[in-house]
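**Q** Sequence and computational prediction follow.
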Amino acid sequence: MRKGLMIAATLALTGCDKGEVDQKNATPAEVASAVAKANAAINFKPGRWESTVRVASMELPNMPAEARSAMNKAVGKGHSYASCLSKEAAAKPAADFFAKDAKDCTYDHFTMGGGKIDAAMRCSRGGASRNEVVMAMSGTYDPTHYDMTMETRIEAGAAGPMTMKMNVASAHVGACRGDEDGKS
């Protein structure tokens with residue numbers, strides 16, 4: 001879950017208003033390159049960004065009842081964290097971030113521009129039971145905030161399909177204090 005959030009956060013923090021990005025059947029590296037080329041007009045404010053992740057829904061039909069009940073307790077609850085965005089990262093986000101956590105993934109589509117983002121990514125995971133993860137993201141962004149909805153579906157072999165819908169909201173709140181969860 002954290003990898004998906006980091007990808008979404010990075011996507012939101014690499015805005016592009018002078019150029020729009022419209023990629024189909026693209027690798028994460030291809031999307032990163034297109035975003036880096038288009039990234040010129042939005043200047044995200046460096047400093048402390050505070051984010052809240054809220055699980056909106058979770059469906060785990062093949063999971064044992066006790067485990068399903070325990071996981072569903074997360075629905076509606078938020079988890080907050082802070083990160084520090086450096087001046088360098090705000091001016092030129094690292095394009096390779098997209099490829100790091102997205103091995104064996106392809107974007108079905110990725111569109112971004114004018115303060116809006118819409119993307120769908122499909123990842124295959126090997127192992128004894130081949131898993132497929134499909135993640136759809138949509139939302140809005142500007143220099144001081146972003147709001148993202150993500151829906152993830154995991155085909156997990158014998159465990160069956162699992163779906164989760166989350167909302168991520170983040171806002172610039174001032175200077176970094178040094179106690180942030182992450183730095184970029």
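**A** Cool, the structure landed. These numbers come from a predicted model, not from an experiment.
**Q** can you pull out the strands in this protein?
**A** Ranges of strands in the chain, per DSSP state E, are 21-26, 47-59, 78-85, 105-113, 116-125, 131-142, 145-156, 161-174, 182-183.
**Q** Average pLDDT for stretch 172-181, rounded please.
**A** Averaged over stretch 172-181, pLDDT sits at 92.
**Q** Equivalent analysis for stretch 81-96, please.
**A** The model assigns stretch 81-96 a mean pLDDT of 74.
**Q** Can you report how many residues lie near S69?
**A** S69 sits with 11 neighbouring residues when counted by other CB atoms under 10 Å. Where you see a C-beta, it was placed from the backbone N, CA and C, and this is true even at glycine.
**Q** What pLDDT does the model give it?
**A** S69 is given a pLDDT of 80.
**Q** gap between stretch 47-66 and the chain center?
**A** 13 Å (CA atoms, centre = their mean, to the nearest Å).
**Q** returning to what we had before: how about the strands of the chain in a markdown table, adding distance to A38?
**A** Formatted as a markdown table, those follow (distance: least, CB to CB, whole Å):
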| stretch | distance to A38 |
| --- | --- |
| strand 21-26 | 5 |
| strand 47-59 | 22 |
| strand 78-85 | 19 |
| strand 105-113 | 7 |
| strand 116-125 | 12 |
| strand 131-142 | 13 |
| strand 145-156 | 17 |
| strand 161-174 | 21 |
| strand 182-183 | 25 |
